[in-house]
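**Student:** What shape does this take:
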Amino acid sequence: MGPDTEKAESLYLYNPSHVLPAVFAGVVGASLLLHIYQNCRYRFWRVTFFICWGGALFTTGWILRCISSYHPTNLNVYIASQVFIYVGPPVYSAAAYNIVGRLMNYLPMHAVLNPNRVLIFFVYVGAAVEAVTVAGAAKNASAGSDLDQYKSGGTLVAVGLILQAIVESFVIAIVATVHTRCSRAQMLAPNVQMLCFTLYGTSTFVLLRCICRAVESFDMFGNLGCRKNCGPILSNEWYLYAFELGPMLIFTWWMNLLHPGRYLPRQKQRYLSPDGRTERMGPGWIDRRSRWETFADPLDLKGVLKGIVSHEEYWLLENRWPVCKDGSFATGTATNMTVTGNDKELASLSPHA
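**Tutor:** This next block holds a predicted model:
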């Protein structure tokens, strides 16, 4: 097989780099290992598990990309690399959704929706987005000369990216609402402010990645079936590293440098009192509605319209809930790295005490 034939049969529109995928697989993998260490250190697995899962998927994608660069005509490896690279970022985003939920558990008086339904709500939406994206990436990668399949795959990818961008915009709006309410109530403690800025930043990078990838997908429609001179986005490898890898690399390392386990309590029943300094161990979020109603109306729009909230405002009864004796995350005197008496305190509390 001559070089011209090899080039014609290549699944890439350029000569893929062998070195860059290997280097960045190592960088993403190093961040994954550090996340695992920090989750163990702060015992924060329930909140940030998805960072590790997303890191594992994303690292696998770049390893497969490296293998695919040596075998540019191997369709199976190419499809696998495309799929894993596409699915990693939405899973990373699920970690941010979980952090938003835990932040609202910490600040229940400023919660926009039921904190215990945030992850479930966004994960269901994210699962739908991911299913669309994976289906599109697989169809697009395996289309070959089938222009209809190529177009339908690109359409699915673009739809998935647009939906992801909408979800990220909604997350930013929720964080901004909590941030504003805390500021007005003079409860903007340093840890709350740091978490809000972290969530703004990471969600913005996911949003940037979605926009750039959507532009790439739309560019496919104008160049259906091309194998050369396909425009700068499809014909240059550096776009992939700049707009797919770059934002998510910053996302994962940002979460490592400012790990939420340093700023939020492990127990979701632990909340910040209205004085902005003291933390108490409360009963947790208590919604008077049925479980199905909280799923159907997570924003409690019915209660808003009636002017009657559907949850218990337990933070108004300060004296009923014990003060946490191990310090406060708001003042930087508490940590998740040690087992404290508050764990026993929590076990002794009744949700309706």
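
**Student:** Tell me how far stretch 280-290 lies from the chain's centre.
**Tutor:** 25 Å (CA atoms, centre = their mean, to the nearest Å).

**Student:** what's the span of it from first residue to last?
**Tutor:** Counting by CA to CA, to the nearest Å, you get 27 Å between the two ends of stretch 280-290.

**Student:** What residues of that stretch count as buried?
**Tutor:** 280-285, 287, 289 (16 or more other CB atoms under 10 Å). For the C-beta atoms, the positions are set from N, CA and C on the backbone; glycine is no exception.

**Student:** repeat for stretch 251-260
**Tutor:** 251-253, 255-256, 259-260.

**Student:** can you tell me which two in those residues are farthest apart?
**Tutor:** 253 and 260 (14.2 Å; CB to CB).

**Student:** hang on, the earlier thing: reformat the buried residues of stretch 251-260 into CSV and put secondary structure, pLDDT and distance to residue 233 next to each item.
**Tutor:** Compiled in CSV, the buried residues of stretch 251-260 are given as follows (DSSP: H, G, I helix; E, B strand; the rest coil; pLDDT from 0 to 100; distance: CB to CB, whole Å):
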residue, secondary structure, pLDDT, distance to residue 233
251, helix, 94, 22
252, helix, 94, 24
253, helix, 95, 26
255, helix, 94, 28
256, helix, 94, 30
259, coil, 95, 34
260, helix, 95, 35
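
**Student:** Could you list the residues in contact with the helix or strand hosting residue 25?
**Tutor:** Here residue 25, judged by DSSP states H and E, is contained in helix 19-42. The contact list for helix 19-42 (CB atoms under 8 Å, 6 or more residues apart in numbering) reads 44-45, 48-49, 51-52, 55-56, 58-59, 62-63, 65-66, 69, 237, 241, 245, 248-249, 252-253, 255-256, 259, 261-262, 266, 335-337.

**Student:** show me what contacts residue 182?
**Tutor:** 107, 110, 188-189, 192.

**Student:** mind redoing it with 6 Å?
**Tutor:** 110, 188, 192 (CB atoms under 6 Å, 6 or more residues apart in numbering).

**Student:** ok, so what distance separates it from residue 325?
**Tutor:** 24 Å (CB to CB, to the nearest Å).

**Student:** what helices or strands is the helix or strand that the helix holding residue 25 is followed by leaning on?
**Tutor:** Proceeding N to C from helix 19-42, the next assigned helix or strand is helix 45-70, under DSSP H and E. Other elements packing on helix 45-70 under the criterion 3 or more CB pairs under 6 Å, 6 or more residues apart in numbering; DSSP states H and E are helix 19-42, helix 75-106.
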